[in-house]
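*Asks:* Let's see this in three dimensions:
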Amino acid sequence: MRQRLLWKLLIGHIVPVFAVTALVVWHAINRSAAQYYTVLTGHYRIAPDDAHRMFLSAIHRDLLVGTLIALALTLLLTYLLTRWVLRPLFQIAAVTRKVAVGNYSERVNVVSRYEVGQLVDAFNDMADNLEKIERLRKNMVADIAHELRTPLTNLRGYLEGLSDSVIPPSRDTFRMLEQEVLRLVHLVEDLQQLARADAAKAFLDLQELSLHELLGQIMDLYRPNFQEKDIAVEWHLEPDSDTITADRDKLLQAIRNLIDNAWKYTPRGGTVSISTMRSAEGVRTVFANTGAVIAEDDIPFLFERFFRADRSRSRDAGGAGIGLSIVKELIEAHGGTVGAESDTSGTRVWFMLPA
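*Replies:* Numbering: from 1, shown residues only. Got it, this is the predicted structure:
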């Protein structure tokens, strides 16, 4: 394939140009020579036939030799130039075959400021994204298996104990089994929410909403939870940041997940602050809470699926790590962005909806 493409480029660009040029020059020499000798024979009364024939033969021979030399030199230089231009394309083809069979670590090593370099950069970016997606897919499968293994193992152990009469069939035992089943149900519901969030962009029911009202509505649901942990809630809502255009149900889901996240990770007696502000980019909503500082290296991964800043925490304490992923999908479906930052003053998670 490489040689076919190379020779097609050479033949398609060089041979027609040289053929046309040679024919034009050949015809021009024949016509000019004839006119020139006509003038000479009329002025000097010289028989033109033999001299004319010798002149044309010499010119044609020199023209043919010069054309062949120029064609050979041009073919050589164009061949080398074309190979240099096509080398990145050959590398991309080779790397593409490796990527197609699942090897996402290969990259094209070409440095250029021009179009080929831009193509190589775009290809390498695509390979980086594919490698990242594949890594996340594998991690997600492993995390789902881990999340399912614990409750299923517990259920199996207790059911075997009940079957062998090792564990008495008491009310507490059945309540514990019910809790394990509910853990499985909650995980499946989280995965369903995540799947719906992935497809949210195609099913948005956009309408004009009151952002402050939605925040208050979810906070009313969680007020008993905050009061149980003696968490103080502070509000900083700018009046001009109230009206937004969004899908009510999907935005409520995103707000619910963020408030639930703030409640879970704020220590007893801590503080949660909810603020909104409008800027040229849109309306920004920030959920800030006191508590442990999240490592700077972990911040970029907070919105990845099944990621946990504290790897040691259990699902009972912190969930499956899907909540912020759902928020990211839902907000980006609206054309917005999400982000987070953490320092000694607390952790701040925010989303921005377009104006």
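*Asks:* From the centroid of this protein, which residue is nearest?
*Replies:* By CA atoms, centre = their mean, the mean C-alpha position of the chain lies nearest to Asn129, the distance being 5.3 Å.
*Asks:* Name the helix or strand for that one, please.
*Replies:* Using DSSP states H and E, Asn129 maps to helix 115-163.
*Asks:* Can you give me the neighbour number for Ala72?
*Replies:* Neighbourhood size, Ala72 [other CB atoms under 10 Å]: 10. C-beta here means a position set from N, CA and C on the backbone, and glycine is covered the same way.
*Asks:* Number of residues surrounding Lys98?
*Replies:* Lys98, neighbours per other CB under 10 Å, totals 13.
*Asks:* wait, Thr243
*Replies:* Neighbours of Thr243 using other CB under 10 Å come to 13.
*Asks:* any idea of the pLDDT on the residue nearest to the centre of the chain?
*Replies:* On pLDDT, Asn129 comes in at 83.
*Asks:* Please point out which parts of stretch 160-179 sit buried.
*Replies:* 162, 177 (16 or more other CB atoms under 10 Å).
*Asks:* What's the end-to-end length of it?
*Replies:* 17 Å (CA to CA, to the nearest Å).
*Asks:* Which SSE is immediately downstream of the helix holding Asn129?
*Replies:* Helix 115-163 is succeeded, C-terminally, by helix 171-198 (DSSP H and E).
*Asks:* Now do that next one: distance to the chain's middle.
*Replies:* Relative to its chain's centre, helix 171-198 lies at 31 Å (CA atoms, centre = their mean, to the nearest Å).
*Asks:* other SSEs contacting it?
*Replies:* helix 115-163, helix 248-265, helix 315-318, helix 323-333 (3 or more CB pairs under 8 Å, 6 or more residues apart in numbering; DSSP states H and E).
*Asks:* relative to helix 171-198, how tilted is the first one?
*Replies:* Meaning helix 115-163. 160 degrees (axes from the mean of the first three to the mean of the last three CA atoms, to 10 degrees).
*Asks:* If you count contacts, what does helix 115-163 end up packed against?
*Replies:* By 3+ CB pairs under 8 Å, 6+ apart, helix 115-163 packs against helix 49-100, helix 171-198.
*Asks:* In CSV, could you pull the C-alpha coordinates for the one helix or strand Thr276 maps to?
*Replies:* If you go by DSSP H and E, Thr276 is part of strand 271-278. Provided in CSV are the C-alpha atoms of strand 271-278 (Å, rounded to 0.1, in the frame of the first residue of the first chain):
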residue,chain,number,x,y,z
THR,A,271,-20.5,24.1,58.5
VAL,A,272,-22.0,23.9,55.0
SER,A,273,-22.2,27.0,52.9
ILE,A,274,-24.3,27.2,49.7
SER,A,275,-23.8,30.2,47.4
THR,A,276,-24.9,31.3,44.0
MET,A,277,-23.6,34.1,41.8
ARG,A,278,-24.0,35.3,38.2
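*Asks:* thinking again about what came up before, what distance separates the helix holding Asn129 from the middle of the whole chain?
*Replies:* 17 Å.
*Asks:* repeat for stretch 254-263
*Replies:* The answer for stretch 254-263 is 26 Å, by CA atoms, centre = their mean.
*Asks:* could you give me the average pLDDT of it?
*Replies:* 89.
*Asks:* okay, and for the stretch 1-150 of the chain, where does confidence drop off?
*Replies:* Where the stretch 1-150 of the chain drops to pLDDT under 70, the residues are 1-56, 58-60, 62-63, 66, 110-116, 140, 143, 146-147.
*Asks:* For burial, what's the neighbour tally of Gly117?
*Replies:* Gly117 has 13 nearby residues by other CB under 10 Å.
*Asks:* Next: Ala232.
*Replies:* Neighbours of Ala232 (other CB under 10 Å): 12.
*Asks:* Equivalent analysis for Val85, please.
*Replies:* Val85: 15 neighbours (other CB under 10 Å).
*Asks:* and what of Trp350?
*Replies:* Neighbours of Trp350 (other CB under 10 Å): 19.
*Asks:* For it, list each beta-bridge partner.
*Replies:* For Trp350, the beta-bridge partners are Val286, Gly339 (DSSP bridges).
*Asks:* Please give me every residue in contact with it.
*Replies:* Counting by CB atoms under 8 Å, 6 or more residues apart in numbering, Trp350 touches 284-287, 338-340.
*Asks:* Reformat the helices and strands packed on helix 115-163 as TSV; add distance to Pro224.
*Replies:* Below are the helices and strands packed on helix 115-163 laid out as TSV (distance: least, CB to CB, whole Å):
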stretch	distance to Pro224
helix 49-100	52
helix 171-198	19
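*Asks:* how about these, which one is nearest Ala333?
*Replies:* Closest to Ala333 of the helices and strands packed on helix 115-163, according to CB to CB: helix 171-198, at 7.2 Å.
*Asks:* Following element in sequence after the closest one, please.
*Replies:* Moving toward the C-terminus from helix 171-198, the next helix or strand (DSSP H and E) is strand 206-210.
*Asks:* distance of the nearest residue to Glu281 once chain neighbours are set aside from Val338?
*Replies:* Take Glu281 and drop its neighbours on the chain: the residue closest to it by CB to CB, 6 or more residues apart in numbering is Met352, 6.2 Å away. According to CB to CB, to the nearest Å, Met352 stands 8 Å off from Val338.
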